[in-house]
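Trainee: Kindly return the folded structure for what I paste below:
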Amino acid sequence: MSNRAIAIVTALATFTAVALRGQPPGGSPVVLRSTAQEVLLDIVARDKHQKLVTDLRAEDIEILEDGVPQTLRSFQYSSGHEEPTSQDAAARAARSRRYGALGQINVVSLLFEGLGIGSRPQAIQAARDFLASEAGPDTYIGVFRLDQHLKLLQQYTNDLGVLNRAIDRAAAGPYLNSAKDTVGAFGSGSHSSMPLESTRPSPSGSPPQVIPQEPGSAEERVLTQPTEFAAEMEALTELILDYEGHLSIDALQQLIRAQAQLPGRKIVVYFSEGLILPPNFPERFRALVSAANRANIAFYTVEPSGLSTRLPYPIHPGRGGGVPLATGKDNLRYLAEDTGGFAIADSNDVRVPMRRVMEEVRAHYEAAYAPTSSNYDGHFRIIEVRARRSGLQLQSRKGYFALPLLGGEAVEPFEMAGLAALDAKPLPHAFDFHSGVLAFRAEGGETECRAVFSVPSRSLHFTEDSHPRLFHLHLTFLALVKDEQNQVVRKISRDLPFQAPASRRPEFERGEVTVTLPLRLAPGRYHLEAAVNEPEAGTASTGRIAFVVAPAEAETRVALSDLVLVRSVQPAGEDQDAVNPLQFSGGKVTPEMNSKIVKSSGAAQGVYLVLYPGREATPDVRIALSRNGEQVTSARPDLPPAEADGSYRVWSRIPFGGLDPGVYEITVTASQGGATARRRIAIEVE
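Mentor: Residues are numbered from 1 along each chain as shown. Below is the predicted model:
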């Protein structure tokens, strides 16, 4: 393998690994994407016979933004099989100097989601047809599967044998598909009687009679209230759609964030039976399209079930209103067309369109312009590419949110309210919340951390729907991590819409909304400025904390994470994320950010930690509880089996029953081969 190829593969592996950890690379990321300062468009031109047009000049097209003509800064043709013109060669040389080996490559991600048994063979064959279409040495392809989480099946490579084996793995195992199944069962509107009644043929040949299972039974009573049952089923369907819609959007955003760091042509070939969108949050789709367009990523969607007599499942507009009914197949088409690709559907032979996708991976025009408008007000700017030459069909993306940059990174639409809150005088404080930063493994000059935010549910604004009977809650979280020079080094955020059956609201109000966000930081002193917003209520609160990331221990020495007070541990099941340090074989840890407990005979506090052993014998762990420097109690817990990464993840409950009110200190000491690591945390008994 050449030095250039090694550099490309190494860089792609780095960006992908970092993306799957949910954290942008450290340092100054290389970013080439649509922003309010410069917009880069990939344009595909075809004639009326659908053949590629390769001789366009800048004067042959016109680009408008919100109807206003824009002035091109550059326009060039890019192809993997043709020699560029002298002007193109100069532009490519400049880009190569800026981005190194990555400046002249095509990056393609094959993503498989929600494929049923019947559609998997077609999807696999379509992917094989794509690989057989002469990708070329400068096209690097990765394989992913979306099943609850985004999973990497094959790192980016141009080795077709390796890629074909990864595609086989994409067809193995179960896929999460319950939303489509649920809508298929209940979406027709005639479902209210199906689970609760039987039919009996009529001897006269008249329509079947509806016979309750048992007269006077609960089934018969439900049949007298079909409207209520239908509402319950509609609420169930909407909950599942929201859950799966957010899963899909989050995973696609994760893939976009990874590729946003790379220059070059970027394509996602998305195999799915339909894109589920959260019915009550249609704005998330436009934000997804905007993120893809800013990152210069085109989606090509493949609905592999072919010609089908099944009715498409409807995606209801929900309480937002005004949103037209769409199907999962429609959503795939919108995603493709709005990002500059196209959709493949309703065909039993996809070889020709898959070859066309590969053509557009290799051959396209690159246009760049600086928008005439400098108003970064967050509205969606519509891009239109017009042909000045007859007989042309131009394909490009449709728009982006006009948002400013923060520390070199584009601001998401939902983050604007958080930035406004942090900039307000005085700072808003509509409700209390806690925040903190937990440090875990240190490697590669940085420490893996989790920022934690916790808001008491009782202080938040709820809305309810009477049909279906649901309650809704919507929060957005934004935090800026600044160094000692008050410079932003990280931006982390989460848009958190939530809904559940109205009957669960009292239980929910007794708890807290807790969010954990990943970040990686070099050793140093920092402060975190956080804003929590309730968009529907128009309220916000802000907070600021200081924290220190300590230098890493030598690899040969034992090390400890920060100590984590535990609010709850939920079973992880098969969905365990080995990369998340707050998950272990025993479940998922929800941190407790309030370090006060009420005195009672049964008071206890869970403590969680991750022990990273050195290269010596099995480490020893001791947990001690003290007050005013005097030890109250201590214990040496048995270590659980090591996790896949070699770490020990320890969860222990410390009893506080019978202890007097006051401030106590929990100390955990780990010893191994003469080396010692120690962590402390204070807790107050009231």
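Trainee: and the nearest residue to G399 once chain neighbours are set aside, which of the three is it?
Mentor: The shortest distance from G399 to any residue other than its chain neighbours is 4.5 Å, reached at I382 (CB to CB, 6 or more residues apart in numbering). Quick note: C-beta positions are derived from backbone N, CA and C, even for glycine. Secondary structure, DSSP: H, G, I helix; E, B strand; the rest coil: I382 is strand.
Trainee: Next one: I382, what pLDDT does it get?
Mentor: With respect to pLDDT, I382 has a value of 91.
Trainee: And stretch 549-558, end to end?
Mentor: In terms of CA to CA, to the nearest Å, the two terminal residues of stretch 549-558 are separated by 17 Å.
Trainee: Kindly report the same for stretch 517-528.
Mentor: Taking CA to CA as the measure, stretch 517-528 stretches 13 Å from start to finish.
Trainee: what does it contact?
Mentor: With contact meaning CB atoms under 8 Å, 6 or more residues apart in numbering, stretch 517-528 is reached by 21-23, 26, 435, 437, 445-451, 453, 477, 479-484, 489-490, 492-494, 544-552, 580.
Trainee: let's go with 6 Å and repeat that
Mentor: Outside of stretch 517-528, the residues within contact range by CB atoms under 6 Å, 6 or more residues apart in numbering are 22-23, 446-449, 451, 479, 481-484, 490, 492, 494, 545-549, 551.
Trainee: helix/strand/coil for the most centrally placed residue in the chain?
Mentor: The structure's the chain has its C-alpha centroid closest to D250; by CA atoms, centre = their mean the separation is 2.6 Å. For D250, the reduced secondary structure class is helix; criterion used: three-state DSSP.
Trainee: Do you know the pLDDT at it?
Mentor: pLDDT at D250 comes out at 84.
Trainee: Next one: it relative to L470, how far apart?
Mentor: As judged by CB to CB, to the nearest Å, D250 and L470 stand 21 Å apart.
Trainee: mind checking the SS state of S435?
Mentor: Reduced to three states with three-state DSSP, the structure at S435 is strand.
Trainee: In the sheet, which residues pair with it? Tell me.
Mentor: Bridge pairing for S435 (DSSP bridges) gives the partners F453.
Trainee: What is the burial count for V621?
Mentor: Residue neighbour count, defined by other CB atoms under 10 Å, stands at 22 for V621.
Trainee: what sits against it?
Mentor: Shown here is V621, whose contacts under the criterion CB under 6 Å, 6+ apart are A670.
Trainee: Quick check: it vs V668, distance?
Mentor: Relative to V668, V621 is positioned 7 Å away (criterion: CB to CB).
Trainee: give me the low-pLDDT residue ranges for the stretch 1-150 of the chain?
Mentor: 1-37, 80-104, 148 (pLDDT under 70).
Trainee: Would you map the helices across it?
Mentor: In the stretch 1-150 of the chain, the segments counted as helices under DSSP state H, counting those that start in this stretch are 3-20, 86-99, 120-131.
Trainee: try the chain
Mentor: Listed in chain order, the helices of the chain (DSSP state H) span 3-20, 86-99, 120-131, 160-170, 178-186, 218-223, 226-260, 283-294, 328-338, 351-362, 415-423, 505-509.
Trainee: Could you count how many residues lie near G673?
Mentor: 14.
Trainee: what does P551 give?
Mentor: P551, neighbours per other CB under 10 Å, totals 10.
Trainee: Now do the contacts for it.
Mentor: For P551, the residues meeting the contact criterion (CB under 6 Å, 6+ apart) are P523.
Trainee: so how far is G524 from it?
Mentor: According to CB to CB, P551 and G524 sit 9 Å apart.
Trainee: quick revisit: among the contacts of stretch 517-528, name the buried ones.
Mentor: With burial judged by 16 or more other CB atoms under 10 Å, the buried subset of those is 22-23, 446-449, 451, 479, 481-482, 490, 492, 494, 547, 549.
Trainee: Out of the residues you listed, which sit inside strands?
Mentor: Residues from those lying in strands, with DSSP state E as the criterion: 446-449, 451, 479, 481-482, 490, 492, 494, 547, 549.
Trainee: Buried residues in stretch 608-627, which are they?
Mentor: Within stretch 608-627, the residues scored as buried using 16+ other CB under 10 Å are Y608, L609, V610, L611, Y612, P613, G614, P619, V621, I623, A624, L625.
Trainee: Pick out the most distant pair among the residues you listed.
Mentor: With distances taken as CB to CB, the most widely separated pair in the buried residues of stretch 608-627 is G614 and L625, at 26.4 Å.
Trainee: Tell me how far V107 lies from I267.
Mentor: As it turns out, when the distance is counted by CB to CB, V107 lies 7 Å from I267.
Trainee: same check, this time on S109
Mentor: In terms of CB to CB, S109 sits 7 Å off from I267.
Trainee: Looking at those two now, which is surrounded by more residues?
Mentor: Set side by side, S109 and I267 show more neighbours around I267, with 26 against 23, by other CB under 10 Å.
Trainee: May I have the beta-bridge partners of the more buried one?
Mentor: Per DSSP bridges, the residues bridged to I267 are V108, A298.
Trainee: And the pLDDT at it?
Mentor: 92.
Trainee: low-scoring pLDDT stretches of the stretch 401-550 of the chain, where are they?
Mentor: Within the stretch 401-550 of the chain, the stretches falling below the threshold (pLDDT under 70) are 407-409, 467-468.
Trainee: Now with 90, please.
Mentor: 401-417, 419-420, 423-424, 442-445, 461-473, 486-490, 495-511, 536 (pLDDT under 90).
Trainee: Alpha carbons of stretch 484-499, as PDB, please.
Mentor: Included here for stretch 484-499 are C-alpha records, laid out as PDB according to Å, rounded to 0.1, in the frame of the first residue of the first chain:
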ATOM      1  CA  GLU A 484      -8.300  29.400  31.100                       C
ATOM      2  CA  GLN A 485      -8.100  32.000  28.300                       C
ATOM      3  CA  ASN A 486     -12.000  31.900  28.100                       C
ATOM      4  CA  GLN A 487     -11.800  30.400  24.600                       C
ATOM      5  CA  VAL A 488     -14.500  27.900  23.500                       C
ATOM      6  CA  VAL A 489     -12.800  24.500  23.100                       C
ATOM      7  CA  ARG A 490     -16.000  22.300  22.900                       C
ATOM      8  CA  LYS A 491     -19.600  22.800  22.200                       C
ATOM      9  CA  ILE A 492     -22.000  20.000  23.300                       C
ATOM     10  CA  SER A 493     -25.800  20.000  23.100                       C
ATOM     11  CA  ARG A 494     -28.900  17.800  23.000                       C
ATOM     12  CA  ASP A 495     -32.400  18.500  21.700                       C
ATOM     13  CA  LEU A 496     -34.700  16.400  23.900                       C
ATOM     14  CA  PRO A 497     -38.400  16.100  23.000                       C
ATOM     15  CA  PHE A 498     -40.200  13.600  25.100                       C
ATOM     16  CA  GLN A 499     -43.800  12.200  25.400                       C
END
